[in-house]
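K.L.:
got a predicted structure here, sequence first:
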Amino acid sequence: MSTVSIYLNFNRTTEEAFNFYKSVFGTEFMGNIARMGDVPSQDGAPPLAEADKNLVMHVALPILGGFLLMGTDASESMGFKLVQGNNVYISLLPDTRAETDKLFALLSEDGKIGMPLQEMFWGDYYGSLTDKFGVQWMFNCSEKK
């Protein structure tokens, strides 16, 4: 069966972010967190700096509806230039307003609410926020009052 996942890059905060998301969604990582130091050395590649060995190479966390949230540390010391932008949202469609309210409240802690949860003209309960790690989330719940 085909699946879809959401892959997030962070600059040295992947583990902190994913532990936060784990607490929000109440799920467990799929397997262990893979570390940069676990990667076999490549011929001709410079050795990995000691400070980078514990960075996250890959982590996967189930969230809602069979979706996986995946992530990595995209460190400049390893040639990545991370630019956080406003072009990606994770859109959640919880089944109930209670679940929507709970997830919205947890993800907005120390973040910024773009639009508070409210009834929208299309008949759904909608809101948006940017969490404390700069990830943007949209919520759309079709459960009626």
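P.N.:
Arrived safely.
K.L.:
count the neighbours of S142 for me.
P.N.:
Neighbours of S142 under the rule other CB atoms under 10 Å: 13. C-beta coordinates here come from the backbone N, C-alpha and C atoms, glycine included.
K.L.:
next: Y89.
P.N.:
Considering only other CB under 10 Å, Y89 is surrounded by 15 other residues.
K.L.:
now do T3
P.N.:
Using other CB under 10 Å, the number of residues around T3 comes to 7.
K.L.:
host element of it?
P.N.:
Under DSSP states H and E, no helix or strand contains T3.
K.L.:
for I90, same thing?
P.N.:
In the assignment (DSSP H and E), I90 maps to strand 89-92.
K.L.:
after that strand, next one along is what?
P.N.:
Scanning forward in sequence from strand 89-92 by DSSP H and E, the next helix or strand is helix 97-108.
K.L.:
tell me which residues in that following helix are buried?
P.N.:
Neighbour-count burial for helix 97-108, counted by 16 or more other CB atoms under 10 Å, picks out 97, 100-101, 103-104, 106-108.
K.L.:
what's the closest of the residues you listed to N9?
P.N.:
Among the buried residues of helix 97-108, L107 lies closest to N9 (CB to CB), at 18.4 Å.
K.L.:
how close does the closest one sit to L117?
P.N.:
Separation of L107 from L117 (CB to CB, to the nearest Å) stands at 12 Å.
K.L.:
brilliant, that's me finished.
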